[in-house]
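K.L.:
Quick one, structure for this:
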Amino acid sequence: MRKTVFLSFLTLAAIAVAQNATKTTHAPVAAPRPSSAAFKAMETINPERIRAHVRFLSHDLLEGRGTGQRGGDIAAEYIATQFALYGMKPAGDNGTYMQKVPMVGITPMPETTFSLVPSSGSPVNLKVLDDYVAYDQTQQQQSDIDAPIVYVGYGIHAPEYNWDDYKDADVKGKVLLILVSEPPSNDAMFFKGKALTYYGRWTYKYEEAARRGAAAVMLIHQTDMASYPWEVVRNSNSGEKSYLKLDGTPKLKAAAWIQLEVAEKLARSAGLNLGKMMTEAQSRAFKPVPLPAKLQAHIVSKIRPFESNNVIGLLPGGDARLKNEAVLYTAHYDHLGIRPDMPGDNIYNGANDNATGCGVLLELARAFSLSAEKPHRSIIFASVTAEEQGLLGSEYLGKHPPLPAGKITLDLNYDDLPPLGSPEEVEVSGAERTTFYKTVEATAKDFRLAIRPDAHPEAGHFYRSDHFSLARVGIPAFSVNEGVKYKGHDEAWGLKQDEEYNQKHYHQPSDEYLPSMDFTGDAAMARFGFVLGWQAAAMPQLVGWEKGDEFEAPRLKSGQ
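P.N.:
This is a model prediction of the structure:
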């Protein structure tokens with residue numbers, strides 16, 4: 001047992017008791033200390049049990065846990081079986097652990113053509129995966145596009161920052177050329193400075209363009225702006241891609257990315273300089289620029305309706321009044337499956353991403369089940385599908401929660417926890433936006449963990465994992481992960497491990513289980529999250545968002 005990992009009961013007892021329950025929703029409220037029974041249950045969390053789950057879930061036999069594929073379904077059944085063994089009550093559909101998520105798989109077919117056609121000169125026929133990737137969000141077998149291209153900068157309309165790239169331009173039926181990310185800034189009051197907001201995410205740009213009636217979007221990929229190389233875009237957008245079944249919201253005929261070099265060639269054909277265009281987009285005075293070029297595309301797709309599953313178990317709370325409210329723990333079980341067209345190792349095992357999070361989730365469920373005293377509020381454990389397809393399983397969970405969103409006090413999410421040893425830091429990016437943060441700070445201090453600011457705020461990690469889907473419906477939510485400083489190593493070592501993983505293994509077949517992995521840190525994060533969840537379950541009031549936060553409005557709307 002390492003002192004940096006385990007709490008003593010005396011330390012737990014030192015956590016402040018609850019403040020007066022008459023305080024307003026937005027006032028921070030200290031959490032009641034966990035009981036000795038909770039502490040004993042927390043102590044049972046074992047890194048070798050997490051290892052066993054990771055080893056199985058990332059085994060070749062599960063074929064990369066692809067969404068709507070055999071391996072993904074096996075993973076869901078495995079997790080449901082573990083919930084049953086731990087005595088969790090089924091919280092899915094019809095008395096089962098499974099919440100069916102209606103989806104559609106879309107596979108671009110070889111007959112698809114994608115050409116940039118300048119007003120003068122020859123068409124440029126783009127090669128899929130090398131030059132572009134594109135999916136038809138309308139879920140039609142065939143769609144045709146013959147429409148002018150309009151450059152709209154970052155494609156952002158953000159009234160709170162006095163920013164509008166569209167300037168009321170009519171883009172209906174047109175193809176929008178858009179930069180990834182958002183205007184660079186060091187001013188925390190302007191797009192949160194270096195930290196990426198949702199406006200910088202590709203999902204927002206597609207959504208905003210579709211709301212305005214655009215036919216298609218071409219996002220310009222640049223590694224430093226996207227925070228990941230083209231290989232990640234290619235691997236995440238090859239083969240079948242899943243979408244939630246259409247619900248009436250506007251969709252694009254082509255949601256596409258193009259290589260930077262392709263965008264540069266397009267700009268040159270129009271007599272423009274892409275570098276200058278990108279600089280001009282950083283000004284509030286920017287106006288959309290119609291290009292003397294069209295996109296001509298014939299999109300042919302194989303459409304496969306199917307159902308995937310979120311796996312949900314519930315531990316009923318012990319307080320007669322509070323058990324109708326809950327703390328939620330989440331972790332996605334899906335990964336990228338198999339890529340049949342790739343020679344050699346073509347199984348995307350997803351050991352780190354996210355067999356580790358599932359291992360932590362299952363160990364948390366087991367530990368909670370062993371407590372001789374139940375938490376006041378209920379505890380929900382949800383392993384969600386289709387995160388790699390765009391947070392789809394958690395989006396569906398947020399729209400169809402087992403309890404009303406206004407009754408869920410907090411979501412703690414686990415995603416991609418590096419098995420590198422004993423951590424001296426914890427990352428809880430987004431926790432500071434909630435009224436729960438003082439409790440997080442106190443608990444981190446008790447665990448002798450420094451809270452590390454997001455190592456890459458420009459990457460927008462808060463908007464790239466499943467907690468974001470819960471935040472969108474108002475539930476206070478954030479992910480728990482290790483920082484980069486580990487016992488026996490300096491910070492530079494941790495940063496090097498992080499960089500090497502992102503460059504060589506993230507969304508690659510090489511993200512595999514290795515016997516040399518050290519799950520001490522994963523267990524530490526499980527214990528830390530156990531105490532946070534127990535405290536959130538005991539607080540006299542539900543957790544809220546800080547006043548003025550972008551998620552405060554949906555929280556208030558949810559009835560909390």
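K.L.:
quick check: mean pLDDT across stretch 66-76?
P.N.:
Throughout stretch 66-76, pLDDT has a mean value of 95.
K.L.:
Can I get it in CSV? Just the C-alpha atoms.
P.N.:
Extracted C-alpha coordinates of stretch 66-76, given in CSV (Å, rounded to 0.1, in the frame of the first residue of the first chain):
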residue,chain,number,x,y,z
GLY,A,66,-16.4,-1.8,-32.6
THR,A,67,-19.8,-0.1,-32.3
GLY,A,68,-22.6,-2.4,-33.6
GLN,A,69,-20.1,-5.2,-34.1
ARG,A,70,-19.7,-8.5,-32.4
GLY,A,71,-16.8,-7.5,-30.3
GLY,A,72,-18.6,-4.4,-28.9
ASP,A,73,-21.6,-6.5,-28.1
ILE,A,74,-19.4,-9.0,-26.2
ALA,A,75,-17.9,-6.2,-24.2
ALA,A,76,-21.4,-4.9,-23.3
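K.L.:
Can you list the buried residues in that stretch?
P.N.:
66-69, 71-76 (16 or more other C-beta atoms under 10 Å). Glycine gets a C-beta too; all of them are placed from N, C-alpha and C.
K.L.:
Out of these, which is nearest to Val128?
P.N.:
Closest to Val128 out of these is Gly66 (19.8 Å), distances taken as C-beta to C-beta.
K.L.:
partner residues bridging that closest one?
P.N.:
Gly66 has these beta-bridge partners by DSSP bridges: His335.
K.L.:
That one: what's it in contact with?
P.N.:
72, 240, 334-338, 348 (C-beta atoms under 8 Å, 6 or more residues apart in numbering).
K.L.:
on that earlier part again, may I see the buried residues of stretch 66-76 arranged in TSV, with secondary structure as well?
P.N.:
Listed next are the buried residues of stretch 66-76 as TSV, based on DSSP: H, G, I helix; E, B strand; the rest coil:
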residue	secondary structure
Gly66	strand
Thr67	coil
Gly68	coil
Gln69	coil
Gly71	helix
Gly72	helix
Asp73	helix
Ile74	helix
Ala75	helix
Ala76	helix
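K.L.:
Just give me the closest of the residues you listed to Ala524.
P.N.:
Ala75 (24.4 Å).
K.L.:
ok, that closest one touching Tyr333?
P.N.:
Yes. If you go by C-beta atoms under 8 Å, Ala75 and Tyr333 touch, sitting 4.8 Å apart.
K.L.:
Number of residues surrounding His400?
P.N.:
13 (other C-beta atoms under 10 Å).
K.L.:
same thing with Ala538?
P.N.:
22.
K.L.:
Look up phi and psi at it.
P.N.:
phi -100, psi -10 (degrees, to the nearest 10).
K.L.:
Just confirm it contacts Ala31, I think it does.
P.N.:
Yes. Taking contacts as C-beta under 8 Å, Ala538 lies within contact range of Ala31: 6.3 Å.
K.L.:
mind listing the helices for the stretch 251-400 of the chain?
P.N.:
260-269, 274-280, 356-370, 392-399 (DSSP state H, counting those that start in this stretch).
K.L.:
Show the low-confidence segments of the stretch 251-400 of the chain, by residue range.
P.N.:
Of all residues in the stretch 251-400 of the chain, none has pLDDT under 70.
K.L.:
same thing with the stretch 401-550 of the chain?
P.N.:
455.
K.L.:
Apart from its chain neighbours, what residue comes closest to Gly200?
P.N.:
Nearest non-adjacent residue to Gly200, counting by C-beta to C-beta, 6 or more residues apart in numbering: Glu182, 3.7 Å away.
K.L.:
Please identify the helix or strand for that neighbour.
P.N.:
Glu182 is part of no helix or strand, with elements assigned from DSSP states H and E.
K.L.:
OK, contacts around it?
P.N.:
So Glu182 contacts 154, 156, 191, 196-197, 199-200 (C-beta under 8 Å, 6+ apart).
K.L.:
And these, which is closest to Glu546?
P.N.:
Closest to Glu546, out of all of these and judged by C-beta to C-beta, is Thr197, at 15.4 Å.
K.L.:
Next one: that closest one from Glu182, what distance?
P.N.:
7 Å (C-beta to C-beta, to the nearest Å).
K.L.:
Overlap of the contact sets of these two?
P.N.:
Phe191.
K.L.:
how much space is there between the nearest residue to Val233 once chain neighbours are set aside and Asn309?
P.N.:
Excluding its sequence neighbours, the residue lying closest to Val233 (C-beta to C-beta, 6+ apart) is Trp257, at 5.1 Å. Separation of Trp257 from Asn309 (C-beta to C-beta) stands at 29 Å.
K.L.:
who's more crowded, those two?
P.N.:
Higher neighbour count among Trp257 and Asn309: Asn309, with 27 against 22, using other C-beta under 10 Å.
K.L.:
bridging residues for the more buried one?
P.N.:
Bridge pairing for Asn309 - DSSP bridges - gives Lys100.
K.L.:
doesn't Pro102 make contact with it?
P.N.:
No. Under the criterion of C-beta under 8 Å, Asn309 makes no contact with Pro102, lying 10.8 Å away.
K.L.:
Could you give the number of residues near the nearest residue to Arg212 once chain neighbours are set aside?
P.N.:
Nearest residue to Arg212, sequence neighbours excluded (C-beta to C-beta, 6+ apart): Val171, at 5.2 Å. Residues near Val171, counting by other C-beta under 10 Å, number 22.
K.L.:
Quick check: Val171 vs Met189, distance?
P.N.:
For Val171, the distance to Met189 (C-beta to C-beta) stands at 29 Å.
K.L.:
quick one: secondary structure of Phe530?
P.N.:
Assignment for Phe530 (three-state DSSP): helix.
K.L.:
Return the members of the contacts of Glu182 classed as buried.
P.N.:
154, 156, 191, 196-197, 199-200.
K.L.:
would you turn those residues into a markdown table with pLDDT and secondary structure?
P.N.:
A markdown table is the format used below for these (pLDDT from 0 to 100; DSSP: H, G, I helix; E, B strand; the rest coil):
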| residue | pLDDT | secondary structure |
| --- | --- | --- |
| Tyr154 | 98 | coil |
| Ile156 | 98 | coil |
| Phe191 | 90 | coil |
| Leu196 | 84 | coil |
| Thr197 | 87 | coil |
| Tyr199 | 93 | helix |
| Gly200 | 92 | helix |
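K.L.:
Need these in a markdown table (columns: distance to Gly533).
P.N.:
As requested, those are exported to a markdown table (distance: C-beta to C-beta, whole Å):
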| residue | distance to Gly533 |
| --- | --- |
| Tyr154 | 38 |
| Ile156 | 36 |
| Phe191 | 32 |
| Leu196 | 27 |
| Thr197 | 27 |
| Tyr199 | 31 |
| Gly200 | 30 |
